[in-house]
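Colleague: For reference, the sequence and a predicted model appear below.
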Amino acid sequence: MIVSFEESIFESALKSTLKSYSQSKDNSEDNKNGINGTEDVPKTAEELSVDKEQIKRIPIYINMDYRVDFYYKQQWLAMKPDCQMYKNSMIGRNISLVNVSQSDKLIINKEYFTLFWIPDIMISNAKEVKQQSELIETILLQIHFVGNNNEDCYMEYLGRYYSIVSCPMDFRDVPIDLQKCSIQMRSFAFNEDRIQLNWSRNVEFNPDLRLLEHDFEITQERITTEIFKETYSLLKIKIEFQRKIANKLVGIYTPSFIIVLITFCTFWLGITAVSERVTIGITALLALVTQFNEVRQSLPPTSYTTEIDHWMIMCIVMVAAQLVQCTIVDFVYHRQQHQLKVKKTQIDVINRFRKSAQNKQIGGKGLKAKKWLNLKVNANRKPNSWDDMFKTKAAVYKPPNNDNNNNLIVNKLSKIMGKLLSVPVGPDKSEYLPMRIDAVSRILFPMTFAIICIFYWPLMLSKAF
């Protein structure tokens, strides 16, 4: 699932209430010593282009993550002692503070960030966080002097970033799956006793943002989390991605459904059109297998099957069953023809022998030969031959004549069933049994597929609500 919140506005305005500022001076000294003041190595145009290509080729599905671009703002209040220290540091760097007030803000360049304490807020479940642009700095620090005699400093840190955020996903319900992801922000070093995070406003997103395959919904909350027996204040943005079924319905379900229906049409082609029936079946099977492989490649490799896998497997089984039915029909037809041919040959031999015996009838010998001939003919007949089995059966299916049944729908269905099961030849012909198998398949296969659809679709769609 490739999710890219291009040009989205995640203006996470964090308002930090600091219970203790005793560490601010030490942190500022650490920053001055180079802990947070490392210089960025300038990149060439080739290196920048390589970085962009790597970003475009991130294997989202395999890594179970998504990308989000966001604006980020955090606000906090530095009380008089810390604010005075900041003023002294700025004056020492020849930064004029004459026109700075609550309405007029002072914008600090990145090279002076080491003079101030900035909350160490991080995205704890992010795999990667970078600035939006490699060419310009997309971070900013602003200072407002507030309070009596402008003795307090109201700090604002703004930035624009993109982040690759981890999200454990479950694809069992594809194509109606609901993925629940989150962006979790907390302080890296300070627990809840030292720093508390609160939302100053609701998270906003670009109203023009549209995802190709998903609808999404964003909510926010403030919670606490425990790490190494320490409790931290945590701000959480919850994002729910609901997949749109229309794309899969048009691209996968409808073509596979039509392919299966086309294979059912082979039952009407006749028992002699073997090559046509096999060609249609194999072509349909290859098309479904190719489509199934494309579906699997669009999803991450999982140890479980998805709902769309179940559908594709059922369609493949139905097409494979049609090929098996075609094989059985052809086998039965040729076997019946062979049996009738052998039987006809035996009858011809017996008739010639009988005719020869009748021509040579001499006294008692002729009578004995005739009796022996009749005995051999009766002995060669099998009581379980196809003639005996279908001798009493009608060649055409006839629905029962129920005069007491006034239900017109049942009568019409009976007539339709009779036409579908009708066989134009008698049971003494070699085509009878193969045609009977085709006639039954015309009803059995569509009914089986209809039952599968009746159970599959309500069960799958019920998971979406």
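Modeller: Sure, I can see it.
Colleague: Please make it C-alpha for all contacts and neighbour counts, starting now.
Modeller: Fine.
Colleague: can you tell me how far residue 206 sits from residue 244?
Modeller: 20 Å (Cα to Cα, to the nearest Å).
Colleague: So for those two, which sits in the more crowded spot?
Modeller: residue 244 (18 against 13; other Cα atoms under 10 Å).
Colleague: what's near enough to touch the more buried one?
Modeller: Residues near residue 244 by Cα atoms under 8 Å, 6 or more residues apart in numbering: 175-176, 213-215.
Colleague: Tabulate those in TSV, adding columns for neighbour count.
Modeller: Shown next, in TSV, are those (neighbours: other Cα atoms under 10 Å):
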residue	neighbour count
175	23
176	23
213	17
214	19
215	13
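Colleague: Residue 433: which of those residues is nearest?
Modeller: For residue 433, the nearest member of the contacts of residue 244 is residue 175. The distance, counting by Cα to Cα, is 43.2 Å.
Colleague: which secondary structure element contains the closest one?
Modeller: Residue 175 belongs to no helix or strand when assigned by DSSP states H and E.
Colleague: For it, list the residues it contacts.
Modeller: Here residue 175 is in contact with 243-245, 248, 307-308 (Cα under 8 Å, 6+ apart).
Colleague: of the residues you listed, closest to residue 156?
Modeller: Distance to residue 156, by Cα to Cα, is smallest for residue 243 among the contacts of residue 175, at 37.5 Å.
Colleague: Next, find the distance separating the nearest residue to the closest one once chain neighbours are set aside from residue 114.
Modeller: By the measure of Cα to Cα, 6 or more residues apart in numbering, the closest residue to residue 243 outside its immediate chain neighbours is residue 214, 4.3 Å from it. Residue 214 sits 42 Å away from residue 114, taking Cα to Cα as the criterion.
Colleague: can you tell me which residues contact the residue nearest in space to the middle of the chain?
Modeller: For the chain, the residue nearest the mean C-alpha position is residue 174 (3.5 Å; Cα atoms, centre = their mean). Shown in contact with residue 174 (Cα under 8 Å, 6+ apart): 243, 306-308.
Colleague: Can you pick out the ones from these that are in helices?
Modeller: 307-308 (DSSP state H).
Colleague: of the contacts of residue 174, buried ones?
Modeller: The neighbour-count criterion (16 or more other Cα atoms under 10 Å) marks 243, 306-308 among the contacts of residue 174 as buried.
Colleague: Include distance to residue 260 when you put those residues into JSON lines, please.
Modeller: Below are the buried ones among the contacts of residue 174 laid out as JSON lines (distance: Cα to Cα, whole Å):
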{"residue": "243", "distance to residue 260": "26"}
{"residue": "306", "distance to residue 260": "20"}
{"residue": "307", "distance to residue 260": "18"}
{"residue": "308", "distance to residue 260": "16"}
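Colleague: Out of these, which is nearest to residue 291?
Modeller: For these, the nearest to residue 291 is residue 308 (11.2 Å; Cα to Cα).
Colleague: ok, that closest one - contacts?
Modeller: 173-175.
Colleague: coming back round to it: report the two of the contacts of residue 244 separated the most.
Modeller: 175 and 215 (12.8 Å).
Colleague: how deep is the closest residue to residue 113 other than its chain neighbours tucked in, by neighbour count?
Modeller: Spatial nearest neighbour of residue 113, chain neighbours left out: residue 141 (7.7 Å); criterion: Cα to Cα, 6+ apart. The burial count assigned to residue 141 is 22, neighbours taken as other Cα under 10 Å.
Colleague: Which residues are in contact with residue 141?
Modeller: For residue 141, the contact set (Cα under 8 Å, 6+ apart) comprises 107-110, 113, 155-158.
Colleague: Export those residues as CSV, with columns for secondary structure.
Modeller: Below are the contacts of residue 141 laid out as CSV (DSSP: H, G, I helix; E, B strand; the rest coil):
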residue, secondary structure
107, strand
108, strand
109, coil
110, helix
113, helix
155, strand
156, strand
157, strand
158, strand
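Colleague: Pull out the buried residues from those.
Modeller: 108, 113, 155-158.
Colleague: thinking again about what came up before, what's the residue nearest to the centre of the chain sitting at in phi/psi?
Modeller: phi -60, psi 130 (degrees, to the nearest 10).
Colleague: and if you look at residue 161?
Modeller: With angles defined as degrees, to the nearest 10, residue 161 sits at phi -130, psi 170.
Colleague: Could you pull up the contacting residues of the residue lying closest to it once chain neighbours are set aside?
Modeller: Closest residue in space to residue 161, ignoring its immediate chain neighbours: residue 131 at 4.3 Å, by Cα to Cα, 6+ apart. For residue 131, the contact set (Cα under 8 Å, 6+ apart) comprises 137-138, 159-162.
Colleague: And the helices in the stretch 101-250 of the chain?
Modeller: Using DSSP state H, counting those that start in this stretch, the helices of the stretch 101-250 of the chain run over 245-248.
Colleague: could you point out where the stretch 51-200 of the chain is predicted with low confidence?
Modeller: Applying pLDDT under 70 to the stretch 51-200 of the chain flags the ranges 51-62, 98-103.
Colleague: now with 80?
Modeller: 51-63, 94-105, 133-134, 149-150 (pLDDT under 80).
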